Each structure stands twice: as structure tokens, then as C-alpha cells.
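S.K.: Below is the sequence, then the predicted model.
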Amino acid sequence: MIDDTDDLGIELIGDDAVAPDAQQPKQADEQKLVSTEEEEDRYSRFRLIPWWDQELLKRTRVLVVGAGALGNEILKNLALLGVGKIFLIDLDRIENSNLSRSVLYRLSDEGSGKAEVAARSAMEINPDITVHPFMGNIVHDVGLGVFRSMDVVICGLDNREARLWVNQCCWRVNRPWIDGAIEVLHGIVRVFVPPDGACYECTMNDTDYEMLRRRKSCALLTREQMLEGKVPTTPTISSVIAGIQCQEAVKLVHDRPELPVLEGKGYFFNGLTHDSFVVNYTRKQDCLSHETFENIKEMDWRAQDLTLRQALEHIRADLGDEAALELNREIVYEMTCEQCDVSVPTSMLLGKMTEADAACPKCREVMALEMCHSVSGDEAFVDKTFAEIGLPAFDIVAGRCGMEERYYELSGDRAKMLGDIAD
């Protein structure tokens, strides 16, 4: 017999690992702790881990942001682990180049939405789980209620703007999130746990902020021609980084003292040399992303029905006649071109507006924008619904009067946004 033993003194036989003396019949009989029925169970090997709670994972809700190379591996791992409820968001469609790095896609899937195909494939891997796909932009199309409904958020993103937004949303509703990034054979995993630790913005440097500025014009409009380019990656580095991300998620969900997580830390992996190291991030006290909402009331409001005036009236009934409605996003309510003496009323989210949207109808130059995020009742758009001005369903808005503030969730949108994982 070949002596095939690893560094832990475990003799490797086929797919199994056993201790060298485990071949003794008496000891083997004593170690039979798993019944035949349990051996046939999908999760029986997991249950051999003393602290493992499969029922907990079955109840767990995870928001997965991105269904590219990293997102595919994240979703595959969560499916194998039996994580029961997953909300998957991606705004793109499958291209031929995705097929070399995405285990959940096939040639016949080209042109289909990534989120829908990935969700279907993951549930084929494990019918025990439910994956709710959502085709949209995480920055503009998903309300804070989605984040608040999750136990953990895992991201496979390729740009800083989306990471910064996810970070702010997670801090507002006090939910941990796990960031992953890959390039060529290198990768990083970072874990951020609000409300007291370091956040993603705490890790940003001048180069990061410069890259953010390049995505916007002087008027803060999206520059479509300056979006970040494609990142060179391989399926191997995706597997490594996504594996660490999901492993950290499992430890976060179990929340046990013997399971230390990378809270406020970053794990760097160099695939060229297989070197890896962990760095600690310092919380910046002046960081702008550390706002955490308290006193959130669940309201039977729906974005497609509720007008801003109705929300404001309810807030004033709670806080007083001087209270204002505060939104999480800037609304452009007027655009002007002094050169052409043109004024154009509008009601559009700044984040969704491009330079083309703000072009003067006469000279085609970008007009000056008038914006607000606070509603007092005098605005021309106050009788429009949240949906009509582009605010997402299942969002959370604030009411403020002096130093007092309260938060209101549009909980009437819960079933619409979460679908089969709402219960």
C-alpha cells in the first residue's frame, strides 16, 4: 500500500480522510456517529462540524450583488452550502466572454439576463434553496428595505461607486457586508461590520476618490464614456476569492466566539506566488459613511401609490408641522441654461441622469442643475409618487424636525421586491 499521508497525519484514501489508526475495527465501530439515514442526507458532512447549524443556514437571507465571475462562484458556494434564501441582483446580460469564467452559464444563455440564469442554475444545483433574481442597478433600483431584510451582503462588484453605495446602505441598516475584488491572479476579501468598525470608505485613498470623480462630470452627471473598463480575470482566482467570501459569511451568520471573522480587515492573495496576508483597517472618525438609522417604522406604503405629499403629511403628524421629508437620493427639479435663457422643470434622480439628459434643447450644452433631497411641501413635484420620480420600491425615508428624526420603511413593497424569499 502506498503511504499517501498529508501534513496533518491524515491518511488519504480516495475521497475520504481518516486517521491512520482508524482501520482498527473496534475503534471504527466506536466512531460511527452518523446513522445510515444521515449519511444519505445532502448536508451530513457539514453536520460533522461541531458548531455547524444547517437549519440556521436554511433560514439565512443573503444579498448577492453581481453575477459575473465572482458572483457565479459566490452563488454556487451558497447553493452547495444550503443557504436558503438569496436575493441576486445584476444589471447585465450574458456575453460570450462570460462563459470562460462563469460556471452557471452556458452557450445557449447568451443574451439572457445574468441574474435570472444564475438564479435558475443555482436552484438546479440545490433545489432546497430559493434564489430571487432582480435585473437592475444596485445604486438606483433597490431600496434600503432589501438590505435591511438580509442577514449578510456579499459583493462581486467591479467599480468603486457601487461599493461605496453598498457600504453606505449596509451602515444605515446595520448589516455586515463582504467585499471581493479580483484582477489577473490577484484578489482581496474585506469584511465590514457596522456600526462601530472600519467601513469601506475608511479604506479609500486619493486614487480611489479620483477614479470616482472620473465617472462624473462637473455637474455630477454620469459619464457613460468614462465607465471603468473590463478587468482581466481568470476562473481560478474567482474560485479562491469567492470561497473566502462565503467562508466568512458562514462564520458571520453563526456568530460564535470560536469563529473569528475578518471584521475590519482585508485578506490579500497573490496567485503568482501563493503568498497571502491580512491587513487591519482603521476607522476614520470623520468618515461620511457611518450613519446608522434607528427608530425605523414599517409602514404599509408602496412606492407606486404613495405621493411625497402623503408621506410628508404622515411625518408631520408624528413630528410636528415643521418636519420635512428627507430622501436618500438627490432629486433634480429644474435645469437652466443662462446662455439660452432656458429653464426646464423636471423631477429625476441625479444618479440616473446623464449628460445627454441635461443637455440644453437649444445649444446642447449641459445645463445647471437645481437639486434637493429634502421635501417641505412647496415643491412642484410633491404630488408625484415615489415611483414617478424614480425612487425605488421598498426604500426607507426619514422625517426630521429639528434634532428629532424618525425613519419609515415602505414595507408594502416587501413582497414585490423579495418575491419567494419574502416570508
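M.R.: Perfect, thanks for sending it. For clarity, every value in this text was computed on a predicted model and none was experimentally measured. Numbering: from 1, shown residues only.
S.K.: Name the residues of stretch 113-128 that are buried.
M.R.: Residues of stretch 113-128 classed as buried: Gly113, Lys114, Ala115, Glu116, Val117, Ala118, Ala119, Ser121, Ala122, Met123, Asn126 (neighbour count, 16 or more other CB atoms under 10 Å). Where C-beta positions appear, they are placed from N, C-alpha and C, glycine not excepted.
S.K.: so where does the fourth one fall, helix or strand?
M.R.: Meaning Glu116. In the assignment (DSSP states H and E), Glu116 maps to helix 114-125.
S.K.: Okay, Ala181 and Pro392: tell me how far apart.
M.R.: 25 Å (CB to CB, to the nearest Å).
S.K.: Dihedrals phi and psi, Arg93?
M.R.: Per-residue torsions, Arg93: phi -110, psi 160 (degrees, to the nearest 10).
S.K.: Relative to Ala69, how far out is it?
M.R.: From Arg93 across to Ala69, the span is 15 Å (CB to CB).
S.K.: Then Phe134?
M.R.: In terms of CB to CB, Phe134 sits 19 Å off from Ala69.
S.K.: Which one of these two is surrounded by more residues?
M.R.: Ala69 (25 against 21; other CB atoms under 10 Å).
S.K.: got a list of what that one touches?
M.R.: Shown in contact with Ala69 (CB atoms under 8 Å, 6 or more residues apart in numbering): Asn98, Arg101, Ser102, Gly156, Ile182, Thr233, Pro235, Ser238.
S.K.: Could you dump the buried residues of stretch 113-128 into JSON lines and include distance to Val189 and pLDDT?
M.R.: JSON lines is the format used below for the buried residues of stretch 113-128 (distance: CB to CB, whole Å; pLDDT from 0 to 100):
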{"residue": "Gly113", "distance to Val189": "27", "pLDDT": "97"}
{"residue": "Lys114", "distance to Val189": "22", "pLDDT": "98"}
{"residue": "Ala115", "distance to Val189": "22", "pLDDT": "98"}
{"residue": "Glu116", "distance to Val189": "27", "pLDDT": "98"}
{"residue": "Val117", "distance to Val189": "25", "pLDDT": "98"}
{"residue": "Ala118", "distance to Val189": "20", "pLDDT": "98"}
{"residue": "Ala119", "distance to Val189": "23", "pLDDT": "98"}
{"residue": "Ser121", "distance to Val189": "24", "pLDDT": "98"}
{"residue": "Ala122", "distance to Val189": "21", "pLDDT": "98"}
{"residue": "Met123", "distance to Val189": "26", "pLDDT": "98"}
{"residue": "Asn126", "distance to Val189": "23", "pLDDT": "98"}
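S.K.: With neighbour numbers in mind, choose between Ala181 and Pro392.
M.R.: Pro392 (24 against 20).
S.K.: Verify the stated contact: the more buried one with Ala303.
M.R.: Yes - Pro392 is within contact range of Ala303, at 6.8 Å (criterion: CB atoms under 8 Å).
S.K.: between those two, what contacts are shared?
M.R.: Common neighbours of Pro392 and Ala303, using CB under 8 Å, 6+ apart, are Gly143.
S.K.: of all the contacts of Ala69, which comes closest to Asp318?
M.R.: Gly156 (39.5 Å; CB to CB).
S.K.: For the closest one, which residues are in contact?
M.R.: Applying CB under 8 Å, 6+ apart, the residues near Gly156 are Val64, Val65, Gly66, Ala67, Gly68, Ala69, Leu70, Gly71, Glu73, Ile74, Gly180, Ala242.
S.K.: Now with 10 Å, please.
M.R.: By CB atoms under 10 Å, 6 or more residues apart in numbering, Gly156 lies in contact with 64-75, 90, 178-182, 238, 241-242, 245.
S.K.: Narrow those to those in helices?
M.R.: Judged by DSSP state H, helices contain the following of these: Ala69, Leu70, Gly71, Asn72, Glu73, Ile74, Leu75, Ser238, Ile241, Ala242, Gln245.
S.K.: give me the number of residues near the fourth one?
M.R.: This means Asn72. With neighbours defined by other CB under 10 Å, the count for Asn72 comes to 28.
S.K.: my read: it touches Leu104, true?
M.R.: Yes - here Asn72 reaches Leu104: they are 4.8 Å apart, a contact under CB atoms under 10 Å.
S.K.: any common contacting residues for the two?
M.R.: Contacts common to Asn72 and Leu104, judged by CB under 10 Å, 6+ apart, are Asn98, Lys114, Val117, Ala118, Ser121, Ala122.
S.K.: Tabulate these in a markdown table, adding columns for distance to Ile86.
M.R.: Shown next, in a markdown table, are the shared contacts of Asn72 and Leu104 (distance: CB to CB, whole Å):
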| residue | distance to Ile86 |
| --- | --- |
| Asn98 | 20 |
| Lys114 | 14 |
| Val117 | 14 |
| Ala118 | 10 |
| Ser121 | 12 |
| Ala122 | 7 |
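S.K.: Out of those, which comes closest to Leu56?
M.R.: Among the shared contacts of Asn72 and Leu104, and counting by CB to CB, the member closest to Leu56 is Ala122, at 19.4 Å.
S.K.: contacting residues for the residue lying closest to the closest one once chain neighbours are set aside?
M.R.: Distance criterion CB to CB, 6 or more residues apart in numbering; nearest residue to Ala122, sequence neighbours excluded, is Ala79 at 4.3 Å. Shown in contact with Ala79 (CB under 10 Å, 6+ apart): 86, 104, 118-119, 121-129, 131.
S.K.: quick one: low-confidence ranges for this protein?
M.R.: Scanning the chain for pLDDT under 70 picks out 1-39, 215-229.
S.K.: Okay, domains of it per the record?
M.R.: 1-29, 54-280, 296-421 (automatic domain parsing).
S.K.: middle-most residue in this structure, spatially?
M.R.: Most central in the chain under CA atoms, centre = their mean is Val65, positioned 4.1 Å from the mean C-alpha point.
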